[in-house]
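Q: The sequence isn't on hand, but the structure is:
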């Protein structure tokens, strides 16, 4: 979304420079790390946390190298905690806006990388208060995620919600009739996305006698595990694993139903993208997904971790083409209205103006 925001602002005469941090920088930074709102020494010596701290140091080194000296900006808008805190350190007098897009610690817990309540979890949640101290304005992408932030901030009510926006010109719905229903999901292949639940639901859908093809776009550490699960459930011939794809929105309009049973989702941008491709939506009643889908109106919501309920929802949209069409049309209408990039630009202009006032 960010390059499209940059393009729009440049067109209206608000020049915006896009600066990103590469993954390849490792072990270059040597500066001492200190935070304003907590004592980092409490966490040093933990291998996972030390890696995060070194990443801070590396990005300070990289940013100094790439941006040089004498740069000045009217405002900085960061979209990740590390760049936000790095930029504040290097440009302490420049107003800083931060958009928190997701919960990294929640995803790490769901992906079995860290333990809930453990040292890594406490360190990562401490960064929310640090960002609150460093930033002039904090934004996030859903009311659900603002609520999630409440225990970790002193003034969570000051967080502004601006849902993600999408350039509708990128999405071109195509009128088509598929003889066999085509299901599609797009995500990183990690436990948090609930694809194991989806495969069990699809296995039950097949047992009920419904023909379909499931297209899985994305890659990740559990791809082999999912392929093995598909074989064990007698689904392998009904699924296509594509791996990573740069622009799945060019592919999605040829399908019928978008389904993703995430275990957690701050916003779930892919649902809005699928809606703009005129697909029927099936998702879980979690986070930002439940703010995008009005159950039974523009899609179907099911409880997480419930293959039977997911199968029932899929069966409903697979077997009733009129209902499926009406859900897809309603989803398209809402996405065009609520999740347009023009709306985001307007809201960001207001935020930038207020912060600079």
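A: That came through, no problem. In this text the structure is predicted, and so the values were computed from the model without any measurement.

Q: Break this structure into its domains for me.
A: 2-165+341-356, 168-338 (automatic domain parsing).

Q: Please identify the deepest-packed of the ones you listed.
A: domain 168-338 (a mean of 19; mean count of other C-beta atoms under 10 Å). Yep, even glycine has a C-beta here, placed from its N, CA and C like the rest.

Q: distance between the ends of that one?
A: End-to-end distance for domain 168-338: 11 Å, by C-alpha to C-alpha, to the nearest Å.

Q: And for stretch 230-248?
A: Terminal residues of stretch 230-248 lie 22 Å apart, using C-alpha to C-alpha.

Q: shift numbering so it begins at 14
A: Got it, the first residue is 14 from now on, which makes the last one we talked about stretch 243-261.

Q: How about residues contacting that stretch?
A: Counting by C-beta atoms under 8 Å, 6 or more residues apart in numbering, stretch 243-261 makes contact with 199, 212-213, 215-216, 219, 225-232, 236, 239-240, 264, 283, 286, all of which sit outside it.

Q: now stretch 313-324
A: Applying C-beta under 8 Å, 6+ apart, the contact partners of stretch 313-324 are 207, 210-211, 213-215, 217-218, 221, 272, 274-276, 293-299, 302-303, 306, 308, 325-326, 329-330, 340.

Q: How much space separates the one residue sitting closest to the centre of the chain from residue 43?
A: Note on the chain: the residue nearest the mean C-alpha position is residue 281, at 5.2 Å, using C-alpha atoms, centre = their mean. With distances taken as C-beta to C-beta, to the nearest Å, residue 281 is found 39 Å from residue 43.

Q: Also residue 54?
A: 17 Å.

Q: And for residue 134?
A: Residue 134 sits 28 Å away from residue 43, taking C-beta to C-beta as the criterion.

Q: contacting residues for the nearest residue to residue 15 once chain neighbours are set aside?
A: The shortest distance from residue 15 to any non-neighbouring residue, by C-beta to C-beta, 6 or more residues apart in numbering, is to residue 92 (6.2 Å). Applying C-beta under 8 Å, 6+ apart, we find residue 92 in contact with 15, 111-112, 114.

Q: swap the cut-off to 7 Å and go again
A: Counting by C-beta atoms under 7 Å, 6 or more residues apart in numbering, residue 92 makes contact with 15, 112, 114.

Q: Which of those fall in helices?
A: Here DSSP state H is the test, and the contacts of residue 92 give residue 15 as lying in helices.

Q: Just checking: the least confident one among the contacts of residue 92 is which?
A: For the contacts of residue 92, the minimum pLDDT belongs to residue 15; the value there is 90.

Q: which residues in the stretch 114-263 of the chain form helices?
A: When assigned using DSSP state H, counting those that start in this stretch, the helices of the stretch 114-263 of the chain occupy the ranges 117-123, 132-147, 156-162, 208-220, 236-245.

Q: With mean pLDDT as added columns, please give those in a markdown table.
A: Below are those laid out as a markdown table (pLDDT from 0 to 100):
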| stretch | mean pLDDT |
| --- | --- |
| helix 117-123 | 92 |
| helix 132-147 | 96 |
| helix 156-162 | 96 |
| helix 208-220 | 98 |
| helix 236-245 | 98 |
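
Q: Kindly present those helices as a markdown table, with separate columns for distance to residue 63.
A: Supplementary listing: the helices of the stretch 114-263 of the chain in a markdown table, determined by distance: least, C-beta to C-beta, whole Å:
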| stretch | distance to residue 63 |
| --- | --- |
| helix 117-123 | 16 |
| helix 132-147 | 10 |
| helix 156-162 | 25 |
| helix 208-220 | 32 |
| helix 236-245 | 29 |
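
Q: Phi, psi for residue 21 please.
A: phi -70, psi -40 (degrees, to the nearest 10).

Q: show me the residues around it that make contact.
A: Residue 21 neighbours (C-beta under 7 Å, 6+ apart): 354, 358.

Q: Please tell me how far it sits from residue 182.
A: Distance from residue 21 to residue 182, by C-beta to C-beta: 11 Å.

Q: so how far is the lengthiest helix in the chain from its chain's centroid?
A: Longest helix in the chain, counting residues (DSSP H): helix 60-80. Centroid separation between helix 60-80 and its chain, computed with C-alpha atoms, centre = their mean, to the nearest Å, is 23 Å.

Q: Specify the angle between that helix and helix 132-147 in degrees.
A: 40 degrees (axes from the mean of the first three to the mean of the last three C-alpha atoms, to 10 degrees).

Q: average model confidence for helix 60-80?
A: 91.

Q: Which strands or helices does it pack on?
A: Judged by 3 or more C-beta pairs under 7 Å, 6 or more residues apart in numbering; DSSP states H and E, helix 60-80 is in contact with helix 94-103, helix 132-147.

Q: Compute the inter-axis angle for that helix and helix 94-103.
A: Using the same axes, to 10 degrees: helix 60-80 against helix 94-103 is 50 degrees.

Q: Would you map the strands across the stretch 214-363 of the chain?
A: Counting by DSSP state E, counting those that start in this stretch, the stretch 214-363 of the chain has these strands, from start to end: 225-230, 252-256, 270-273, 293-297, 313-315.

Q: Note down every partner strand of the longest one and its orientation.
A: Strand pairing for strand 225-230, determined by DSSP bridges: strand 194-199 (parallel), strand 252-256 (parallel).

Q: Put together JSON lines for those strands, with distance to residue 73 and mean pLDDT on each row.
A: Below are the strands paired with strand 225-230 laid out as JSON lines (distance: least, C-beta to C-beta, whole Å; pLDDT from 0 to 100):
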{"stretch": "strand 194-199", "distance to residue 73": "34", "mean pLDDT": "98"}
{"stretch": "strand 252-256", "distance to residue 73": "34", "mean pLDDT": "97"}
